[in-house]
Each structure stands twice: as C-alpha cells, then as structure tokens.
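S.K.: Below are the sequence and a predicted model; questions follow.
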Amino acid sequence: MRITQIREPRIAYFSMEIGLESDVPTYSGGLGVLAGDTLKSSADLGLPMVAVSLLYRKGYFHQELNQDGWQVEYPVEWDPSRHMELMPNSVKVRLEGRDVYLQAWKYEVRGATGSNLPVYFLDTDVEQNHEWDRGLTYHLYGGDEGYRFKQEVILGIGGTRMLQDLGYTVKKYHMNEGHAAMLTLELMQRYRQNIENVWDDREIWNEEPVRDLCVFTTHTPVEAGHDKFSYDLVQKMLGDYFPFDVLHDLAGEDMLNMTTLGLNLSKYHNGVAKKHGIVSQHMFPGYDIRSITNGVHSRTWTHHAFASLYDEFIPNWSNEPELFVRVDNIPDERIWEAHQVAKGELMAEVKSNTGIDLDPNILTIGFARRATPYKRADLLFRDIHKLAEIAGGRLQVVYGGKAHPKDGGGKELIHNIINGARNLSGQIKVVYMQNYEMDLALKIVAGVDLWLNTPLRPREASGTSGMKATHNGVPNFSVLDGWWIEGHIEGVTGWSIGPAPVETNLTENDESADIEDLYAKLEHVVLPLYYAGDNHEGWIKIMKGAIGKNACYFNTHRMMRSYVTEAYIR
Ligand SMILES: *Cc1c(COP(=O)(O)O)cnc(C)c1O
C-alpha cells in the first residue's frame, strides 16, 4: 500500500541534522538545533512546510570525560519507533552501481495552534539493501569522505524522491546549508527538456525552473563547513547520473563544491546574521547574498520558572515574542526569584553530573557549545593568575560541549579547560559538564548569571546559545561577532569583549585586545554590578534589557516571518 495524497503545496526544508528533542539524537550542535527551532516555529505559525533529514540510528555520540580530562565517545542507543512512525513508502538511489533503498520515519512537530508539521527521517537500514549500505544512515558526521557524499546523495536526491512518493507538491526547496544541495541535480533531471538521446547536450538542461524553486542558506564562513568532493569520487559514486561538463559549470571546475552548487541553482541566498551576510558576500563574489538573522524557539528555550512568569505578565508571549518589550511590567523580585529557581536546578545538575558543589550566591558564568578551536573556550584562562587575582572567591564557571571525534584541537580545548580548572582550585570553581545536549543546554543557559562567548572574529556566523540565555534573563558578555553585533547595547543588554567588528575576511586578529578587555570589564564592571547592594537592582535591570531588547527579536517566530516574506513567496 502506498500513501499518495494531494495536499496543499509546501515548503520543503532539507537539513543534514535536525534537533527536536534530547531523546532523538539526530543532531550535533547549533545547525541542527536551529533546524528544529525553525520547524517548531513554522508549526506554531501554521506554515505549510515539510522537512527531510537522515535517521542516524547510532546518533551523534554520547560524551564522557575521563579522569585525565579527555573526551571518550560512545554510540547512542535509541529506538526510532518510540518517537516516529515508519511509512510504507520506499524509494531508491543508485550509489556505486547498486540500488540503495530508503524508507522514511515520520515525526510530527505539534504547533501551538494545533497544526502538525511532518519531518521525515530517511533510513537505509532495510532488508533489500547490501549490508554495507544499511549503515549509511547510522552516523551523523561519521565515516570518510565517501560515506559523507553518499549521505548527501541520500538526503538531496533520495529526499526529493521520497517527498514525491509521499504525495507532496513542493513550492520551494529550502537547503539548510550545502549538505542538501544534491537536490538541485534531481530537480534538474525533473525539469530537463524531454528530448531523447541528447542527454549530454547542454541545451536540454534548464536551470531557471530549478532556481525559481530553491532557497539556499549558508551557515559558516569556516572553510571546513563547505563540503567539496573530487570528481573522481563523484564519478565512482554516481556513474552517469548527471553529465560531467554540465556539473562542472554548476558546481566548480576542480571539485564538486556543495556551496557553489547550492548558490548556482537557487534564486535566493542568505547568511544567518547581518555581519555574516557581508562576510559571505566577500567569500562568494558574484552572488547576491542577503541575510536573515537567526533566532531560537521561545517556548523551547524558556525555563519553566520564567515561562510561568511570562504567562502571568505577558500573556501570549510564546506565539508573539515581540511582546517581550513589555518585560518592565514584571516586578524585579519576581525576575530574581525565577532566576534563583533556574540557578538552583543547575547547581543540582552540576552536582549530579560532576560531583561538585557550586555556590548559588556566587556570580556564575556559562560557556557551552561545540568545542572547536575558533570558539576559544579557554580564552578566559589565558592568564590564570590574573583571573584569580580579579575574581578569586567571587566567580565560578560552568562549561559544556562536545568536540567532533576527529577534531583534535577541540579535544585539546576540553582537556586544557579541565586542567586549567585544577590549577585554579580553591579560588575559582570550574566545572565541565559531560554530554552537552538540548536538555542540558536549557539548564545551563537558564541557570547561570552571565553567558560568555569568545569566538575568533568573524567566524561565528550567528550563534544561538546567547539568544537562549536572553529568554531567561541571562545577559551576554561576548566578542562582537554574529548575532551579538545586532543584539548588543553596552550596559543595557549585556557587555562586549574586545574591539569593534571591522574585519570582513578570515584574517587572524589580535587576541591580546580581547583578553585585556575581558579581564578589565570583568573586574571593573561585571563583578561590581553583580555584588552591588542587596536587592540586585542594577543587575536585574540588565536582565530585563536582555529579555525586552534581545529575546523580543532573536526568536524563530520573527525569523520565519522573514523567510516567508523575503525568500519563500518570491
Ligand atoms: C543551542 C545549541 C548549540 C549552539 O550553540 P552556539 O553557542 O550557538 O554555538 C549547540 N549545541 C546545543 C545542544 C544547543 O542546544
């Protein structure tokens, strides 16, 4: 039995990773969580959308930290049938001369107003498949180059075929990053002129209808984030699926560059913050690159203590986060109480995760995100003696974040932080929480007093964890990069670290200026304000600034309304 049904035309959202909840481990970090938040807001707003990703039966990985402070990785065991429904449909793609069959699991995102948004997770673990092919959808960002390319074929080509088989009519294809760009080739096949025996004639390949249908979002200026594959590999994997001379024109002369392919075959392109749009425009001259600044799903990223406070004073806040501008209606002491609830829960979580007791009366800084060198998680520790002198006894720090199993630099970072913490013992307590995932992320962003971010400019395309913090009245203390350039008002929504963001390409900048400013503001502005007076008046004013001037804008409801008007209905 096949399910085929005529439905309202939809926007098809393709993403290599989608993070909807902690128990569905189909994401690794910011990109996936953003995709999940995108779909949650779309469901709340009742947008006609359908999404496609891969199933990852072994997840990304479960992280533990050993005695010496090194990350150890374990596969995740989970049962898709507890969260999703297996569809009867089956489609195939041809890889290395073999047919690879795909099935799809349907997850429903329930919107606040009752509409459901289907998300299909593709799965090659089916009996008809060759043993090797059954594992193609096991690991997110695992395996070698060939494994990655096959996954991108499954996502782009397989996903497009699956939507058709499921009976969807698609009015826009949104590629969330280059991983999904193979879908353009499948659409080119669909729209080619119907002339026999001239398959490799340039004339029959018509780009316009494909470009009209496609939207492309780029998410990082970091080179490793843009997949490139040798044409030898492509030839080996795809055979004569697509004529090579045409592919060279569309995807690059020397290598198949997924970003180039996505850019060439979409009419609308965007970066994920205003600055990132400019940086991307420099990286890809000749394309018109716009920007739509990221957001987070307000309800998902608001701690229950704040959610009930908002329910009381700002009714309908979660479906209309603009209403956060009315935050001043909430009495100061209620904000502080809600924050203490979130902080207390975090302290309990720290105890169970690390065995360490933190003190709820001490200023607590949070830093949690993917551990990778450009994020500079250890910047705070560049001068441990100075830090101890400034803040000894008055500061504690909560860290979290996984390093990609092949990111040696990221693993080093985790190790250095844990050892730096040992050197500070007795003066500043530092904990590194194991296995950072969505539930833990909410506990940390809501339970600390201040959210720190110290990326090497201009590599942080947007960043979203700081936006989650603002939903819980936690101000940001960050380098001016990504979204924070737009969100920062000094001493009102939080504080900046280092100089103004002038660079537009990836030159190395002067780290010492960042370090100096970080220590100086911590000593002269942040610590004095936190500990001033008994009623925390000054600090609560900043908390309200974060909610009323940041959370009101940096949410996926506002972001999706922009995608609709800028990208989808054009
Ligand atoms: C929000 C989130 C991220 C993104 O953090 P950034 O600071 O924006 O890089 C990564 N991982 C998880 C689990 C998250 O919830």
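M.R.: Everything's here; your move.
S.K.: per the record, what domains does the protein have?
M.R.: 6-56+82-266, 304-555 (automatic domain parsing).
S.K.: Dump those domains into CSV; add distance to the ligand as well.
M.R.: To be clear about C-beta, it is placed using only N, CA and C from the backbone, and glycine gets the same treatment. Listed next are the domains of the chain as CSV, based on distance: least, Cβ to the nearest ligand atom, whole Å:
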stretch, distance to the ligand
domain 6-56+82-266, 3
domain 304-555, 3
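S.K.: got TSV for those domains, with mean pLDDT and mean neighbour count too?
M.R.: Shown next, in TSV, are the domains of the chain (pLDDT from 0 to 100; neighbours: other Cβ atoms under 10 Å):
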stretch	mean pLDDT	mean neighbour count
domain 6-56+82-266	95	20
domain 304-555	96	19
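S.K.: hey, where'd the strands end up in the stretch 401-550 of the chain?
M.R.: 429-433, 450-453, 476-479, 494-497 (DSSP state E, counting those that start in this stretch).
S.K.: could you dump the longest one to CSV, C-alpha only?
M.R.: Output in CSV follows, covering the C-alpha atoms of strand 429-433 (Å, rounded to 0.1, in the frame of the first residue of the first chain):
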residue,chain,number,x,y,z
LYS,A,429,35.5,26.7,40.8
VAL,A,430,35.2,25.5,37.2
VAL,A,431,33.1,22.5,36.1
TYR,A,432,33.0,20.8,32.7
MET,A,433,29.6,19.1,32.3
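S.K.: Tell me which other helices or strands it touches.
M.R.: Based on contacts counted as 3 or more Cβ pairs under 8 Å, 6 or more residues apart in numbering; DSSP states H and E, the elements that strand 429-433 packs against are helix 332-354, strand 395-400, helix 408-423.
S.K.: next SSE after the longest one?
M.R.: If I follow you right, that is helix 332-354. Following helix 332-354 in sequence order, the next helix or strand is strand 363-368 (DSSP states H and E).
S.K.: Make a markdown table from the domains of the chain and add distance to G286 to it.
M.R.: Shown next, in a markdown table, are the domains of the chain (distance: least, Cβ to Cβ, whole Å):
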| stretch | distance to G286 |
| --- | --- |
| domain 6-56+82-266 | 9 |
| domain 304-555 | 16 |
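S.K.: Secondary structure element holding N89?
M.R.: Per DSSP H and E, N89 falls between elements, in no helix or strand.
S.K.: Give me the nearest residue to it, chain neighbours excluded.
M.R.: In space, and not counting its chain neighbours, N89 is closest to D165: 4.8 Å by Cβ to Cβ, 6 or more residues apart in numbering.
S.K.: Same check on A377?
M.R.: Using Cβ to Cβ, 6+ apart and skipping residues adjacent in sequence, the residue nearest A377 is L413, 5.2 Å away.
S.K.: so the one you found makes contact with A403?
M.R.: Yes - between L413 and A403 there is a contact at 7.0 Å, judged by Cβ atoms under 8 Å.
S.K.: what do these two both touch?
M.R.: Shared contacts of L413 and A403, defined by Cβ atoms under 8 Å, 6 or more residues apart in numbering, comprise 371-372.
S.K.: Smallest gap between the stretch 51-200 of the chain and the ligand, at which residue?
M.R.: Going by Cβ to the nearest ligand atom, the ligand is nearest to Y60 of the stretch 51-200 of the chain, at 9.9 Å.
S.K.: got the contact list for that residue?
M.R.: Counting by Cβ under 8 Å, 6+ apart, Y60 touches 25, 27-28, 76, 139-141, 402.
S.K.: what do you get for F381?
M.R.: Going by Cβ under 8 Å, 6+ apart, F381 touches 387, 416-417, 420, 424.
S.K.: Next, it: phi, psi?
M.R.: Dihedral pair for F381: phi -100, psi 10, per degrees, to the nearest 10.
S.K.: Would you mind measuring from it to A391?
M.R.: With distances taken as Cβ to Cβ, to the nearest Å, F381 is found 12 Å from A391.
S.K.: what's the answer for Y531, then?
M.R.: Counting by Cβ to Cβ, the gap from Y531 to A391 is 11 Å.
S.K.: go on, D123?
M.R.: 50 Å.
S.K.: and the gap between E503 and R457?
M.R.: For E503 relative to R457 (Cβ to Cβ), the value is 6 Å.
S.K.: I'd like the contacts of Y60 as a markdown table, with secondary structure appended.
M.R.: What follows is the contacts of Y60, written out as a markdown table (DSSP: H, G, I helix; E, B strand; the rest coil):
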| residue | secondary structure |
| --- | --- |
| P25 | coil |
| Y27 | coil |
| S28 | coil |
| V76 | coil |
| H139 | coil |
| L140 | coil |
| Y141 | coil |
| K402 | coil |
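S.K.: Is it possible to get TSV of the strands of the stretch 401-550 of the chain that adds distance to K228?
M.R.: Shown next, in TSV, are the strands of the stretch 401-550 of the chain (distance: least, Cβ to Cβ, whole Å):
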stretch	distance to K228
strand 429-433	34
strand 450-453	29
strand 476-479	29
strand 494-497	33
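S.K.: how about the strands in the stretch 51-200 of the chain?
M.R.: Here the stretch 51-200 of the chain has its strands, by DSSP E, counting those that start in this stretch, at 62-65, 71-74, 85-86, 91-95, 98-110, 116-123, 170-176.
S.K.: I'd like those as JSON lines, with distance to K343 appended.
M.R.: Converted to JSON lines, those look like this (distance: least, Cβ to Cβ, whole Å):
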{"stretch": "strand 62-65", "distance to K343": "23"}
{"stretch": "strand 71-74", "distance to K343": "27"}
{"stretch": "strand 85-86", "distance to K343": "39"}
{"stretch": "strand 91-95", "distance to K343": "50"}
{"stretch": "strand 98-110", "distance to K343": "30"}
{"stretch": "strand 116-123", "distance to K343": "34"}
{"stretch": "strand 170-176", "distance to K343": "34"}
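S.K.: of all these, which lies closest to V431?
M.R.: Across the strands of the stretch 51-200 of the chain, V431 has its closest neighbour in strand 62-65 (10.5 Å, Cβ to Cβ).
S.K.: Figure out how far the closest one is from the centre of its chain.
M.R.: 20 Å (Cα atoms, centre = their mean, to the nearest Å).
S.K.: Starting from it, tell me which strands it pairs with and how they run.
M.R.: Looking at strand 62-65 with DSSP bridges, its partner strands are strand 71-74 (antiparallel).
S.K.: Alpha carbons of the partner strand, as CSV, please.
M.R.: What follows is strand 71-74 as a C-alpha-only set of coordinates in CSV (Å, rounded to 0.1, in the frame of the first residue of the first chain):
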residue,chain,number,x,y,z
GLN,A,71,36.6,13.1,25.9
VAL,A,72,35.5,9.5,25.4
GLU,A,73,32.8,8.7,22.8
TYR,A,74,30.1,6.1,22.9
